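> I would like to see how this sequence folds:
(one chain, ligands or ions: 2)
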Amino acid sequence: MNDCLFCKIINGEIPSKKIYEDETVYVFEDIAPAAPIHYLLIPKEHISGASEITAENSAVIAHIFEVIAKLAKDLDLKDGFRVVTNCGPDAGQTVFHLHYHLIAGRKLDIKMA
Ligand code: AMP
Ligand code: ZN
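Ligands and ions are numbered 1, 2, ... in the order given. Predicted coordinates:
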């Protein structure tokens, strides 16, 4: 996708603070962190949001959750963490390349909406 901010981050056109990378997943710091740890996990393949996950592309989603578990161990997040994905304007999605927020490092509000 030519005009996608996160595709540009993956290919290095726009700088980011990389936390982790492998063949299918890229992880970097959110530019406006909501907590001491706030990372974004994205598939390298452009998927516009959670509504576009299919049987053909869902293997990367399982892998993203494996990476989340690995990061949680590496970062010793034994007090907990939160994983969030926003899909569509009502949910506040602002970048239309699927991403999972990994948020941790403080006590988080129990708020669903
Ligand atoms: P969402 O609102 O769920 O679509 O999340 C988009 C996230 O991307 C927000 O938390 C932004 O702070 C973050 N973001 C936007 N631009 C950048 C950037 N250039 N580098 C890192 N994070 C960004
Ligand atoms: Zn993209």
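
> Quick one: distance of the biggest helix by length in the chain to the chain centre.
In the chain, ranked by residue count with DSSP state H as the criterion, the top helix is helix 59-74. Here the centre of helix 59-74 is set off from its chain's centre by 10 Å, with C-alpha atoms, centre = their mean, to the nearest Å.

> try stretch 21-40
Shown here is stretch 21-40, whose average C-alpha point lies 6 Å from the average C-alpha point of the whole chain (C-alpha atoms, centre = their mean).

> re the thing from before, can you list the buried residues in the longest helix of the chain?
By neighbour count, and taking 16 or more other C-beta atoms under 10 Å as the criterion, the buried residues in helix 59-74 are V60, I61, H63, I64, V67, I68, L71, A72. Just so you know, the C-beta spots here come from the backbone N, C-alpha and C atoms, and that holds for glycine as well.

> For the third one, list the residues it contacts.
In other words, H63. Contact criterion C-beta atoms under 8 Å, 6 or more residues apart in numbering gives T24, V25 as the residues in contact with H63.

> For it, give me the pLDDT.
In the prediction, the pLDDT value recorded for H63 is 98.

> Any part of stretch 94-113 near ligand 2?
Yes - between stretch 94-113 and ligand 2, judged by C-beta under 5 Å from the ion, the touching residues are H97.

> What values do phi and psi take at the closest residue to L77 other than its chain neighbours?
In space, L77 comes closest to A104 once its chain neighbours are excluded; the distance is 4.9 Å by C-beta to C-beta, 6 or more residues apart in numbering. The phi and psi torsions at A104 (degrees, to the nearest 10) take the values phi -160, psi 180.

> partners of A104 in the sheet?
Counting by DSSP bridges, A104 is bridged to I37.

> Quick check: the gap between it and ligand 2.
In this structure, A104 and ligand 2 are 25 Å apart, going by C-beta to the ion, to the nearest Å.
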